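> here is my input, please return the structure:
(one chain, ligands or ions: 1)
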Amino acid sequence: MNLPQDFITRMQELLKEEFDSFLSGYQNTKSYGLRVNPLKYNKDPKALPFTLTPVPWAKEGFYAVFEEHPGRHPLHESGAYYIQEPSAMSVASLLQAEPGDIVCDLCAAPGGKSTQIAGHLAGKGMLLSNEIYPARAKILSQNIERLGVGNSVVCNESPDRLADHFPLFFQKIVVDAPCSGEGMFRKDEIAIKEWSLNQVQVCRKRQEMILECADRMLQPGGVMVYSTCTFAPEEDEDIIAWFLENHPDYMVEDWKEYLPDNCGLESGRTAFLCKEYDDSILRQIPNTLRLWPHKLSGEGHFAARLRKKGTITDIPDKKRQRKKAPKELADCLAFLNDSLIVSDQEDSASAGIVKDMLSCTDYNRFRFFGDALYFLPEKSFSLDTLKVLRAGLHLGTRKKNRFEPAHALAMMLQENLVKQSHCCTEAEATAYLHGETIPCDASMKSWTLVTYQGVSLGWGKAQNGILKNHYPKGLRIFL
Ligand SMILES: C[S@@+](CC[C@H](N)C(=O)[O-])C[C@H]1O[C@@H](n2cnc3c(N)ncnc32)[C@H](O)[C@@H]1O
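Reported below is the predicted structural model:
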């Protein structure tokens, strides 16, 4: 690996006697992991057909073996898990989103942190996942769908437009900032090519702008987690010191209150600061978190949990109630009532969403965007004027005289919440993901949830013992 000379010199100056150990880490194989998705997979992770070892700082995280190709398995397509670099799993663990929270993931594509946060929300509250680049926002939206997230809005906005739209709105915000990516060097040749000392400064300026926008959106009393996958102090400890200097209404909460401190996680270093700061700021820098690749198994990360002074307020639920279901919802509501089961025994995220949907008389939460119908999160806010890719749970599409259920709805559902499902063998699951028809019980008719090992893969339409394939063409793959 050809590391940039300026990077080597700088790391040598920063790490001093630790540098040799840091550098020799580049000879090791890159770390690789997956995170089980509690929204879709609630069995013992040991049942997954892979060699897994727990990641100490993420309860759903595991080291995996790249050569076993967990990314090319029907369970991956079902959203049972998400492939994620293990040190990146520390960020959502540090945020500690709880069911009911109103959360924003400001720089969210491709969706690693968002999908982990969605798991913690368990279908309650709201997650706004935003990405500035349209192509990346599309991938983010696909991952939100694959992982069966029903309470997420996906936007393609700049941080300042979002901040204008949502002043003091969110209770928790993640800023997983675009950075110089020094922690990506072992994974990604392009990160090495694009790196320069000047790039570090460019990233720092952009991060300052993004942090200012995040501050405008965070409620008093709220929590913001800032993170990067770089080692550059300008983008890590120093930007936190800069932020505290400009925002005395924030403090850094100690990562040790939230994550285990016996597994190689370390504190940020005051000695790395780029200029002098007040003692009140210096004292807080060791509360920030460092994951070093020579101290644990992970590519490296930095994170800080910032608390804004004040008290959290709840966002009111949507107000205007329409007593009668409007005509244009008739087909959709008939489909939902005929196909889904409300379960009081189940306390899963999907069971909660199904119950919420079928008992909802606030028909403003069912909203058409063109012919596409969405079930909006319950909290009251407007999406008008924003570029929205996903306005909550995509329920389906209005076609001539009929309603066609959406792939996103299937991905959110579990087999015990539908009246009709077909459980695939592995061969059938693979055939289904290719786009092929599969045989089914001759008594079955119409829309059928296709599942594999109890996890939903999509819709099929049953007729005469055959399931017509409704797996979206753009997602079809050859495993
Ligand atoms: C570190 S990545 C995010 C990774 C993501 N949080 C995850 O866990 O999958 C940073 C993201 O910020 C986006 N970005 C780039 N410039 C930006 C800007 N000016 N404002 C906001 N986001 C930006 C990038 O496109 C990228 O998707």
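> per the record, what domains does this protein have?
If you go by automatic domain parsing, the domain ranges for the chain are 5-308, 420-479.
> wait, which of these is closest to residue 400?
domain 420-479 (16.5 Å; C-beta to C-beta). (Glycine included, C-beta is placed from N, CA and C.)
> okay, how far is it across that closest one, tip to tip?
26 Å (C-alpha to C-alpha, to the nearest Å).
> over to stretch 165-177?
Terminal-residue distance, stretch 165-177 (C-alpha to C-alpha): 20 Å.
> any bit of it sitting next to the ligand?
Yes: legend: contact between stretch 165-177 and the ligand by C-beta under 6 Å from any ligand atom is shown at residue 176.
> give the rounded mean pLDDT of that stretch.
On average, the pLDDT along stretch 165-177 is 97.
> which parts of that stretch are buried?
Buried positions in stretch 165-177, judged by neighbour count with 16 or more other C-beta atoms under 10 Å: 165-166, 169-177.
> show me what contacts residue 211?
Going by C-beta atoms under 8 Å, 6 or more residues apart in numbering, residue 211 touches 175, 177, 226, 239, 243.
> same thing with residue 213?
By C-beta under 8 Å, 6+ apart, residue 213 lies in contact with 106, 159-160, 162-163.
> got any ranges where this protein has weak pLDDT?
Low-confidence segments of the chain, defined by pLDDT under 70: 318-322, 380.
> which bits of it sit near the ligand?
If contacts are counted using C-beta under 6 Å from any ligand atom, the residues of the chain sitting beside the ligand are 88, 107-113, 131-133, 136, 159, 176, 178, 206, 210.
> of the residues you listed, buried ones?
Neighbour counting over those (16+ other C-beta under 10 Å) leaves 88, 107-113, 131-132, 136, 159, 176, 178, 206, 210 as the buried ones.
> can you pick out the ones from the residues you listed that are in helices?
Among these, the ones falling in helices (DSSP state H) are 112-113, 136, 159, 206, 210.
> among those, which one lies nearest to residue 259?
residue 113 (15.0 Å).
> hang on, the earlier thing: what's the most distant pair in the ones in helices among the buried ones among the residues of the chain next to the ligand?
Taking C-beta to C-beta, the two most distant members of these are 112 and 206; they sit 19.9 Å apart.
> burial measure for the residue in the stretch 351-479 of the chain that the ligand sits nearest to, as a count.
Nearest residue of the stretch 351-479 of the chain to the ligand: residue 387, at 13.4 Å (C-beta to the nearest ligand atom). Residue 387 has 14 neighbours, counted by other C-beta atoms under 10 Å.
> and the spatially closest residue to it that is not a sequence neighbour, how far from the ligand?
Of all residues not flanking residue 387 in the chain, residue 156 sits nearest, at 4.4 Å (C-beta to C-beta, 6 or more residues apart in numbering). Applying C-beta to the nearest ligand atom, to the nearest Å, the value for residue 156 to the ligand is 10 Å.
> same question for residue 338.
From residue 338 to the ligand the distance is 37 Å (C-beta to the nearest ligand atom).
> what strands flank the longest strand anywhere in the chain, and is each parallel or antiparallel?
Determined from DSSP state E, the single longest strand within the chain is strand 218-228. Its sheet considered, strand 218-228 pairs with strand 170-176 (parallel), strand 301-308 (antiparallel) by DSSP bridges.
> mind putting these in CSV, distance to residue 461 included?
CSV is the format used below for those (distance: least, C-beta to C-beta, whole Å):
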stretch, distance to residue 461
strand 170-176, 39
strand 301-308, 45
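> out of these, flag the one nearest residue 452.
strand 170-176 (31.0 Å).
> ramachandran angles for residue 418?
phi -120, psi 150 (degrees, to the nearest 10).
> count of neighbours near the nearest residue to it once chain neighbours are set aside?
Spatial nearest neighbour of residue 418, excluding adjacent residues (C-beta to C-beta, 6+ apart): residue 449 at 4.5 Å. Each residue near residue 449 was counted by other C-beta under 10 Å, and the total is 25.
> now for residue 449: which residues touch it?
410, 413, 415, 418, 420-422, 456, 459.
> ok, now with 6 Å
410, 413, 418, 421, 456 (C-beta atoms under 6 Å, 6 or more residues apart in numbering).
> ranking the domains of the chain by burial, who's on top?
Looking across the domains of the chain with neighbours counted as mean count of other C-beta atoms under 10 Å, the highest average goes to domain 5-308: a mean of 20.
> okay, how far is it across that one, tip to tip?
39 Å.
> also stretch 427-444?
20 Å.
> need the contact partners of it.
Residues contacting stretch 427-444 (C-beta under 6 Å, 6+ apart): 74, 77, 420, 422, 450, 452, 462, 465-469, 471, 476-477, 479.
> how far out from the middle of the chain is it?
30 Å (C-alpha atoms, centre = their mean, to the nearest Å).
> for stretch 144-157, same thing?
Per C-alpha atoms, centre = their mean, the centroid offset for stretch 144-157 relative to its chain is 8 Å.
> who's in contact with that stretch?
Under the criterion C-beta under 6 Å, 6+ apart, residues 37, 39-40, 79, 115, 118, 123, 126-130, 134, 137, 140-141, 353, 377, 386-391, 393, 408, 411-412 lie in contact with stretch 144-157.
> do the same with stretch 468-475
Contacting residues not belonging to stretch 468-475 are listed as 407, 432, 435, 437, 458-461 [C-beta under 6 Å, 6+ apart].
> which ones among these are found in helices?
Short answer: these in helices (DSSP H) are 407, 432.
> farthest-separated two in the contacts of stretch 468-475?
Farthest-apart pair in the contacts of stretch 468-475 is 407 and 437; separation 17.0 Å (C-beta to C-beta).
> nearest to the ligand: which residue in the stretch 251-400 of the chain?
Closest point on the stretch 251-400 of the chain to the ligand, by C-beta to the nearest ligand atom, is residue 301, at 10.0 Å.
> for that residue, list the residues it contacts.
87, 90, 229, 291.
> now residue 239, what's its secondary structure?
helix (DSSP: H, G, I helix; E, B strand; the rest coil).
> excluding its backbone neighbours, what's nearest it?
residue 207 is the one closest to residue 239 (C-beta to C-beta, 6+ apart), at 5.6 Å.
> between the two ends of stretch 300-314, how far is it?
35 Å.
> tell me what residue 154 is bridged to.
Judged by DSSP bridges, the bridge partners of residue 154 are residue 129, residue 390.
> any idea how far it is from residue 333?
25 Å (C-beta to C-beta, to the nearest Å).
> over to residue 346?
For residue 346, the distance to residue 333 - C-beta to C-beta - is 21 Å.
> try residue 6
Taking C-beta to C-beta, one finds residue 6 at 62 Å from residue 333.
> repeat for residue 206
Counting by C-beta to C-beta, the gap from residue 206 to residue 333 is 46 Å.
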